[in-house]
Every structure is written in structure tokens, then in C-alpha cells.
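Visitor: Next comes the sequence, and after it the predicted model I'd like to discuss.
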Amino acid sequence: MYSSRIVLNQRQIAAINWRNLQREETGLTDLADTEMTLAPEQIEMAFHLEKLGQEPRYNGSGICYGEAFYNSLKRKIYASLPDDMFAMRCAVAVQNALIRAYPTMAGSYRKDEIGELDRFAVSVLKIGEPVLLVCEDVEKIWCYIITAQVQGWVLRNTLALEPDNFRWRQYCSSLDTVTVADGCYSLCYTGREGICKKQMLFMGTQLPLYDVTRDAFVLGLPTKDRNGNFAVEQLRVPRDGGIIPGFLPFSAQNIISQAKKLLGEPYGWGGSNFHRDCTSLVMDVYATFGLQVPRNSCRQIQMFGVERCPENRAQKETFIRELMPGSILYFPGHAMLYLGEENGSLKILHSVYAIGLPEKERIIPHKLRRVAEGSLQQYRINGELFLDAVNYVWVPDHQSRFLNSG
């Protein structure tokens, strides 16, 4: 049904990644080329303390947070700030970790979203990701980090420091890697201690590749040495398709195949419970092809090669019908993958919290809370058609002309 024609090769994907890194609006960071020294005021700006307590927020039990809660968070953060210029430290994630907006696991919910949309959730840090460690709280439980796509707080024990900056930079820019192609891959192995272990690897995870044979390859699993510093444990893994050397060929067929592996997974705002929201689904699917996509929709629409849709509904519908399946569709706050036309319907795949269902003469909210297929002819909870809301697209087979003109 979908074309297997390769629309972007790895040289073109590298060129797109480079252009996106040059755009400050994307929020992407080239860690290996980042200035390692920061001033305290630079860090404080990144903490977004002014956002704390702006609107009523509740914990998981439905109790509204008061000023004391926010003040305790602010004190904790201010205590972690250095007094003068300092150098960031290099580290690598040795566990999958939840990145938080503030150093707390306490949830922050609006009244109608209690237990569902934790507004302190930022993203998931995947095992093997290199990070820059900015600072630690005084108890050394939390640390503030910069990744290639986001910034935020993670639990300190999920990271291993790499004292050798040159070795860390080599790790950041390594070309010999494997990529997890399954939605979630369970890696079972015997550790150095002779104990059987299991590590969950999420789609898009990249790890060092040391050797390839006909039926297996040797990958590097990040861990800690006896001093708690970064080390790599080499593991032999069968070539069963769940993990692949390098990246997948960039075609419509492969994009849709990757996306459909995630169907039915629970919705996870900001990576809550290690689940995907709309933009992390796009980010993880495209990562399997080597494309580095920003974390949030407002950042993604700043990518190189994003196009604005016609505003007229008929023109927009015609425009979208002609798009390559696997293209990304956007409207404010949401991202979807276009699946193509089916029986006159413009099909989409997305991780969605809620849609609107028509009932008599009104639209009522229906919480899907999962990765699902749908249609642009469906309603949002505000009564607007998805089709009418779409305003930007990123189309893989249009990118070569942008590259040629740029």
C-alpha cells in the first residue's frame, strides 16, 4: 500500500539535522559543540521559576498546592545554584529516566486532569543518551541536565559521569551505532556480576555498535564502573529486527510501519509513566531514520522545511490529499502522522488525549488516551474539525528541494 521508495538518504538527513541545529527556535543542542562554562544567571533563566504557582494546580489526591509547596521548591532550586562561573560536567544516562520541570516527583495537575496530565512532566531520557550535567541539588538526589532536545531535572542515580571530556565528545558523535526499531525492546542479559538482568529499550534508543556478524551484533550498554563513572558493557544481541545497525531506510512504507508498532500504547503527557505523547511519538518514529526532531510541537514547526497549509478548507484538503504518507501534520499543541487517503477520508495516526464526539447538536469530549488511528474529519473537543485546525506540515519528499534551494 505504501511506497518503499527512499525519499531521503543519510547524507540529506544529516544536512537537515545540521540546519535544524542552527535554528535557535528548534531548541536543539549540539552537545559535542556546546560551551561548557555557564554563569549562575544563565542557569536561573532556564529554571522557569516564574511559572510556579501561576494557576491553581493539584496533587494526585486532588489537594490544591499552596504557596508553601512552591516556596519549598524554589528554595531547593536556589540552593543548587553555584556562586560563580562554573563548568558543566559530562554524563551518560545508564537508565531510562523521567525528565521533570522541577526537582520533584510530585505531580502537578489541573482540576479536570487529576492523575492524567502531569504538567511537571517534560520528557523521557533514554538509556545511552549523552547529557551535560548543569548542577545538583544539595542532597544530590536531583540534577539539572541539558540533552540534545530538552532541559530539565532527573534523578542523579540515573546518570554516570564521564570525567574525560574528549572521550565523551567522541561518544556523542559516534557513527557506529544500533537503533531500537521496536516500540519497546526487552534486552535480557547476564551482567558482570553473573546476575540475569533485563533492560527495556524504547524506540529510537541509540547505543554503540562494536561488531556485526550474520546473525548477531555486539552493542554497548552504558553502565557505571566501581567508582560510579561511565563505562560500557559489551553484549551480543541476536539480529531479530528489534534492534538494527544504523538506521532504517527513509520511506513512506517504513515510517508508517514504525508508527503502527505503537498503536494502542497509553498516552503519556511529557513522557509520564514512560509513555508517549503526540510529539514524542513523532520524535521516536523519526529517530529510527536518523532524523533529530525537537521535543514540542511549537519547536517542531520551526524545523527546516516546514510548510504552511492553505487557509481555505477546500484548498487545504486538496493540499493534504497529495502529501506523502508519513508526513507530519501540526496545529497548535498537537502533531500527527498522515497515513494517506482511505475511502475519501484523510487518515491520521497520533497519540491523543481526547477527541470530540458529536451527540445530537453538540460535541462531547471523549478521552482516548492512547496511540490511535483517526481521521482529519473527526472533531476536536472544542468542536473544530481536525482538518480545519491543521496549519503546518513537514513533508519528507519535499525536503530535497528545500536542501537544493538552501
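Guide: The structure has been received and is ready for your questions.
Visitor: drop to CA atoms for contacts and neighbour counts, all remaining ones
Guide: Will do.
Visitor: Next, the contact list for Ala68, please.
Guide: Ala68 sits next to no residue when contact means Cα atoms under 8 Å, 6 or more residues apart in numbering.
Visitor: buried set for the helix or strand containing it?
Guide: Here Ala68, judged by DSSP states H and E, is contained in helix 67-80. Residues 73-74, 76-78, 80 are the ones in helix 67-80 that count as buried (16 or more other Cα atoms under 10 Å).
Visitor: again with stretch 249-257
Guide: For stretch 249-257, a neighbour-count test (16+ other Cα under 10 Å) marks 249-256 as buried.
Visitor: now that stretch: how far from the chain's centre is it?
Guide: 19 Å (Cα atoms, centre = their mean, to the nearest Å).
Visitor: Quick check: nearest residue in space to the residue nearest to the spatial centre of the chain, chain neighbours excluded?
Guide: By Cα atoms, centre = their mean, the chain has its centre lying nearest to Ser280, at 4.0 Å. Leaving out its chain neighbours, the residue that sits closest to Ser280 by Cα to Cα, 6 or more residues apart in numbering is Arg295, at 6.3 Å.
Visitor: again, but for Ala106
Guide: Asn59 is the one closest to Ala106 (Cα to Cα, 6+ apart), at 6.8 Å.
Visitor: Pull the contacting residues for the one you found.
Guide: 65, 106-109, 114.
Visitor: From Asn17, how far off is it?
Guide: 39 Å (Cα to Cα, to the nearest Å).
Visitor: my guess is Leu132 meets Arg89, correct?
Guide: Yes - if you go by Cα atoms under 8 Å, Leu132 and Arg89 touch, sitting 5.7 Å apart.
Visitor: list residues touching both of these two?
Guide: Common neighbours of Leu132 and Arg89 (Cα under 8 Å, 6+ apart) do not exist.
Visitor: Please say which of the two ends up with more neighbours.
Guide: Leu132 (22 against 18; other Cα atoms under 10 Å).
Visitor: Make sure that one is indeed in a helix.
Guide: No - counting by DSSP: H, G, I helix; E, B strand; the rest coil, Leu132 is not found in a helix; it is strand.
Visitor: which residues sit in contact with it?
Guide: By Cα under 8 Å, 6+ apart, Leu132 lies in contact with 31, 88-91, 145-147.
Visitor: Looking at the residues you listed, state which has the most neighbours.
Guide: Most surrounded of the contacts of Leu132: other Cα under 10 Å gives Cys90, at 26 neighbours.
Visitor: That one belongs to a strand?
Guide: Yes - per three-state DSSP, Cys90 lies within a strand segment.
Visitor: The closest residue to it other than its chain neighbours and Ala93, how far apart?
Guide: Leaving aside its sequence neighbours, Cys90 sits nearest to Leu132 (Cα to Cα, 6+ apart; 5.0 Å). Here the criterion is Cα to Cα. By it, Leu132 lies 10 Å from Ala93.
Visitor: And for Glu307?
Guide: 35 Å.
Visitor: the more surrounded of those two?
Guide: Neighbour totals were compared for Glu307 and Ala93, and Ala93 leads with 24 against 16 (other Cα under 10 Å).
Visitor: Contact partners for that one?
Guide: Here Ala93 is in contact with 125-131, 158-160, 222 (Cα under 8 Å, 6+ apart).
Visitor: about what we covered before: does the residue nearest to the centre of the chain fall in a helix, a strand, or a coil region?
Guide: Here Ser280 is recorded as helix under three-state DSSP.
Visitor: quick one: it from Asn254, how far?
Guide: For Ser280, the distance to Asn254 - Cα to Cα - is 18 Å.
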